[in-house]
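generate a structure from the sequence data that follows.
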Amino acid sequence: MENKVAFITGGTTGIGLAIAKQLAKDGFAIAVNNIVLNEDFQKEIEEYGVPCFMIQGDVSDEKSAEENINAIFEHYGRIDVLVNNAGITRDNLLMRMKEEEFESVINVNLKGTYHMMRYVVPIMIKQRSGRIISIASVVGVKGNAGQINYSASKAGIIGMTKSLAQEVASRNILVNAVAPGFIRTPMTDKLTDAQKQGILSQIGLKRMGTAEDIANVVSFLAGEKSSYITGQTIVVDGGMIY
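Residues are numbered from 1 along each chain as shown. Sure, this is the predicted structure:
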């Protein structure tokens with residue numbers, strides 16, 4: 001495992017950080033990109049005894065995405081796991097949503113995932129192995145008022161996952177998605193008690209998930225125990241939808 005490399009986009013905070021930590025614990029060498037880099041991140045990851053390579057990049061920009069993939073490959077000589085985690089929200093009701101709010105979310109979440117898939121697949125084909133894991137969302141399955149842009153981007157990721165899985169399965173490349181439900185973050189901590197109760201009423205387990213809940217599923221999909229799973233979307237939502 002010490003020779004395998006995992007690249008997590010937008011991986012220095014939140015769910016991405018939890019994924020990077022878990023994969024580091026699993027023995028993967030870590031690579032991350034972000035528009036703004038967290039200076040403490042590298043030290044934190046290297047405490048797990050694995051190397052960490054950080055690079056600035058914007059997944060929504062095709063040239064930047066290509067350069068990031070090439071730089072990581074040049075640094076490590078391989079890329080075994082790609083985790084498409086980078087994403088943004090620009091919530092608004094349809095009648096109030098500006099075109100920029102729609103396009104920015106699509107560009108980062110959906111096109112960004114496409115860009116990374118596009119440039120990592122040739123590397124994985126030559127290796128005749130690889131795992132691509134994209135972070136979708138439960139709202140890409142069920143929708144959510146005020147999030148048509150975000151829902152569309154995450155539903156698109158699920159569609160791309162199913163399609164790419166069929167294209168590359170013969171090369172031993174597995175492509176799956178993870179769809180988180182409501183995950184506890186600094187943003188949700190700021191919600192009022194009434195807002196939190198409204199969210200919890202939709203969840204069968206009556207609690208929000210954690211970033212580690214998502215990281216655990218990514219860890220499974222990145223490891224050998226998931227070797228017969230591809231083209232799937234694993235919903236991690238505590239029973240929000242059935």
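
may I ask which helix or strand encompasses the closest residue to Ile72 other than its chain neighbours?
Nearest residue to Ile72 in three dimensions, chain neighbours excluded: Ala31, at 4.5 Å (CB to CB, 6 or more residues apart in numbering). Placement of C-beta: from N, CA and C, glycine included. Element membership of Ala31 [criterion: DSSP states H and E] is strand 29-34.

chain neighbours aside, what residue packs nearest to Ile30?
Once flanking residues are discounted, Ile30 sits nearest to Cys52: 4.7 Å by CB to CB, 6+ apart.

which residues does that neighbour contact?
Contacts for Cys52 (CB atoms under 8 Å, 6 or more residues apart in numbering) come out as 24, 29-32, 41-42, 45-46.

same check, this time on Met124
Applying CB under 8 Å, 6+ apart, the residues near Met124 are 79-80, 130, 132, 168, 171, 173.

so what are the sheet partners of the longest strand belonging to the chain and their directions?
In the chain, assigned by DSSP state E, the strand with the most residues is strand 173-180. Take DSSP bridges as the rule and strand 173-180 pairs in its sheet with strand 130-135 (parallel), strand 233-236 (parallel).

if we ignore the residues flanking it in sequence, what's nearest the residue minimising distance to the centre of the chain?
The centroid of the chain falls nearest to Asn85 when counting by CA atoms, centre = their mean (2.3 Å). Residue nearest to Asn85 in three dimensions, not counting chain neighbours: Gly16, with 4.2 Å by CB to CB, 6+ apart.

pull out the buried residues from the contacts of Cys52.
Among those, those buried by neighbour count (16 or more other CB atoms under 10 Å) are 24, 29-32, 41-42, 45.

those residues: which two are farthest apart?
The distance between the two most remote of those (CB to CB) is 14.3 Å, for Ala29 and Phe41.

and the residue nearest to Ile72, how far from Gln42?
Computed as CB to CB, to the nearest Å, the Ala31 to Gln42 distance reads 11 Å.

now the common contact residues for the two.
Contact criterion CB under 8 Å, 6+ apart; residues shared by Ala31 and Gln42: 52, 54.

and the contacts of the longest helix anywhere in the chain?
The residue-count maximum for a helix in the chain (DSSP state H) belongs to helix 148-168. Residues from elsewhere that reach helix 148-168 (CB under 8 Å, 6+ apart): 84, 87, 89-91, 94, 97, 101-102, 105-106, 108-110, 113-114, 117, 121, 124-125, 130, 132, 134-137, 139-141, 143-144, 174-177, 179, 230-233.

so which of those residues sit within strands?
Going by DSSP E, the strands hold 84, 130, 132, 134-135, 174-177, 179, 233 from these.

can you put those residues in CSV and add pLDDT and neighbour count?
Below are these laid out as CSV (pLDDT from 0 to 100; neighbours: other CB atoms under 10 Å):
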residue, pLDDT, neighbour count
Asn84, 98, 28
Gly130, 98, 22
Ile132, 98, 27
Ser134, 98, 26
Ile135, 98, 25
Leu174, 98, 23
Val175, 98, 28
Asn176, 98, 24
Ala177, 98, 27
Ala179, 98, 25
Thr233, 98, 19
